[in-house]
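Novice: When you get a sec, could you give me coordinates for this:
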Amino acid sequence: MDTLKHECGITAVVSLQENQENSPQIARRTIELLQENQNRGQHSSGIGLLKKSGEVKIECGEGLVKQVFPLAIKKRMDVTCRKLACVLGIGSVRWATFGRGTKDEMQPWENEHEDPTNHFTFAFNGNVANYQELRKSMEGKMNERTGENYQFKTEVDTELLSHIIAEQLDRGQTLENVLKHMEQVIDGAFNIVLFNANGDFIAYRDHHGFHPLCYAIDNDQIVFSSESSPLSEDELGLRHMAPGQAIMVEGVDRQVRSMQIEEGTPTICSVEFMYFAQESSEIDGVTIYDIRDLLGTELSSLQETDICSDAEVIPIPNSATISAASYAYNNRRKLHNAIARKTRSVRSYIAEDSEVETILKQKFRYVDSHIVSEVILVDDTLIKGATLKRIIAELKKRGAKIIHIKISSPPISYDCPYGVYINAQKTFTRKFGLPVECIYDQKMRMAMANELGAATLEFITPEGLDNAYVKAGGTRGQLCMGCITGDYPTQAGSKYSCS
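Specialist: The predicted structure is shown next:
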């Protein structure tokens, strides 16, 4: 839980009314949907809006959605939304895991052009694994519109995508054909929401489907979100975009058209299920709550040794709570929420090592009366180990004598080239050597437990994760476990990780 960062989350709100006037409600809904995706990125928040006149407005800034937009103050929010009244809006929340994190790298990204068809604005979720190769190729190309080579002002793959899209549009390609070209040249993950100054809109989920993208339609609007839960709450008929599927809205009559750009080969990010996605969300029909509950069942099936019958279960909130409850129920153990989060807005994995202790003091409070002598501590992931080590030390200060660790996922040891920043060189398991199979050796696990200050340490295996996914309704073999096993579903992905 202490080094993972998701690349971003994206949203869109598109009016389906003919001759739609600028509406403050579309701006408001774009911002509110963005806040519902806050868990997917907390470094920057931004929206791109299209007015009826064809004018594009970009509003973005560092920090949480509520820090960039006055959500908590109704009068100010009303004034803001009136100023931002529009016919179409897209949004992005982002971690600065690529580039420098400066304002010129934030999303949405606008590519200006004198032709409104080629003047486009987009946001994307993912990561271009063959970025360096494609960037070098683009820098050696002449921009047919300007007569000069393509120039890069940033280090982000968003700018690379902008050049690729612009090149194809300048050649007269349709948005549909632009996506087909992107699938041909890009190795990696890319979910996109994009509009041009004419009001044409397209959303796309890459053919691997690494990350989720959902939509719902009512009489007046079609809305898109990385997280499904805000669309489920609206009871609009939630739909999951299939890998390789595009949804387009175009023309004066605002017709919605679905098309399959590329044959889908689902390879869904396992970390979405273990950690990132909201527990009330679904990904392709698999409910996050269900799979985390089943991961707890998998934990309870592991052989237990040297744990007394009076040991009580404590989850580390929030994403381990469901698995811990399932584990405790199946093993007939008492569960106490003896660690409580003070706030949802501070995450220790975004911090440098030197900052973690301060953040943990701000993040957690402890209920001393429910910290017993022997504790089974359940966490969702083991990455760098810094947070877990400090929590164990804190529990011992408060009376725990023996602490057993249960991790409701396999250990993460490798980088991710598809939109989750891990920094494998700093992972806890790297200290104890590779390959991954060695980590499951009992002597190795005891050594890791000693390093953390615990008596024992148990993980779920990759097979256990896949079992839980299948029992929750998924298809066996469709999870990407590259960060767990080092085996990646794309060629450039493997090269990216090795480098």
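Novice: these two touch, right, residue 408 and residue 295?
Specialist: Yes: here residue 408 reaches residue 295: they are 4.3 Å apart, a contact under C-beta atoms under 8 Å. C-beta: built from backbone N, CA, C; applies to glycine.
Novice: okay, the two: which has more neighbours?
Specialist: Here residue 408 and residue 295 are compared on neighbour count by other C-beta atoms under 10 Å; more neighbours surround residue 408, at 32 against 29.
Novice: which residues does the closest residue to that one other than its chain neighbours contact?
Specialist: Setting aside the residues directly before and after it, residue 408 is nearest to residue 323 in space (C-beta to C-beta, 6 or more residues apart in numbering), at 3.7 Å. Residues near residue 323 by C-beta atoms under 8 Å, 6 or more residues apart in numbering: 292-293, 295-296, 299, 315, 378, 380, 408.
Novice: So which of these is surrounded by the most neighbours?
Specialist: Using other C-beta under 10 Å as the neighbour criterion, residue 408 leads those with 32 neighbours.
Novice: Just the pLDDT for that one.
Specialist: Reading off the confidence values, residue 408 has pLDDT 96.
Novice: ok, it to residue 340 distance?
Specialist: When C-beta to C-beta, to the nearest Å is the yardstick, residue 408 and residue 340 sit 19 Å from each other.
Novice: for residue 112, same thing?
Specialist: With distances defined as C-beta to C-beta, the gap from residue 112 to residue 340 amounts to 49 Å.
Novice: before we move on, what about residue 186?
Specialist: Residue 186 sits 43 Å away from residue 340 when distances are taken as C-beta to C-beta.
Novice: How about residue 109?
Specialist: Distance from residue 109 to residue 340, counting by C-beta to C-beta: 39 Å.
Novice: what's the answer for residue 373, then?
Specialist: In terms of C-beta to C-beta, residue 373 sits 21 Å off from residue 340.
Novice: just residue 369 next, same as before
Specialist: With C-beta to C-beta as the criterion, residue 369 and residue 340 are 13 Å apart.
Novice: Equivalent analysis for residue 203, please.
Specialist: Counting by C-beta to C-beta - residue 203 and residue 340 are separated by 38 Å.
Novice: which of the two has more neighbours?
Specialist: Just comparing residue 203 and residue 340: by other C-beta under 10 Å the higher neighbour count belongs to residue 203, 25 against 12.
Novice: any idea whether the more buried one is helix, strand or coil?
Specialist: strand (DSSP: H, G, I helix; E, B strand; the rest coil).
Novice: residue contacts, it?
Specialist: Under the criterion of C-beta under 8 Å, 6+ apart, the neighbours of residue 203 are 12, 191-194, 213, 215, 224, 241, 246-248.
Novice: Now do the same contact list for residue 393.
Specialist: Listed by C-beta under 8 Å, 6+ apart, the contact partners of residue 393 are residue 453.
Novice: make it 6 Å
Specialist: Shown in contact with residue 393 (C-beta atoms under 6 Å, 6 or more residues apart in numbering): no residues.
Novice: ditto for residue 52
Specialist: With contact set as C-beta under 6 Å, 6+ apart, residue 52 has these partners: 22, 87.
Novice: quick one on the thing from earlier: turn the contacts of residue 203 into CSV, including distance to residue 64 and secondary structure.
Specialist: Written out in CSV, the entries for the contacts of residue 203 read as follows (distance: C-beta to C-beta, whole Å; DSSP: H, G, I helix; E, B strand; the rest coil):
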residue, distance to residue 64, secondary structure
12, 20, strand
191, 21, strand
192, 23, strand
193, 20, strand
194, 25, strand
213, 22, coil
215, 24, strand
224, 21, strand
241, 26, coil
246, 30, strand
247, 28, strand
248, 31, strand
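Novice: Which member of these is positioned nearest residue 452?
Specialist: Within these, the smallest distance to residue 452 is 36.0 Å, found for residue 191 (C-beta to C-beta).
Novice: what about that closest one, distance to residue 219?
Specialist: Residue 191 sits at a distance of 26 Å from residue 219 (criterion: C-beta to C-beta).
Novice: neighbour-wise, which of the two wins?
Specialist: For residue 191 versus residue 219, neighbours defined as other C-beta under 10 Å are more numerous around residue 191 (26 against 7).
Novice: The more buried one touches residue 202, doesn't it?
Specialist: No: checked against C-beta atoms under 6 Å, the pair residue 191 and residue 202 is beyond contact range at 11.7 Å.
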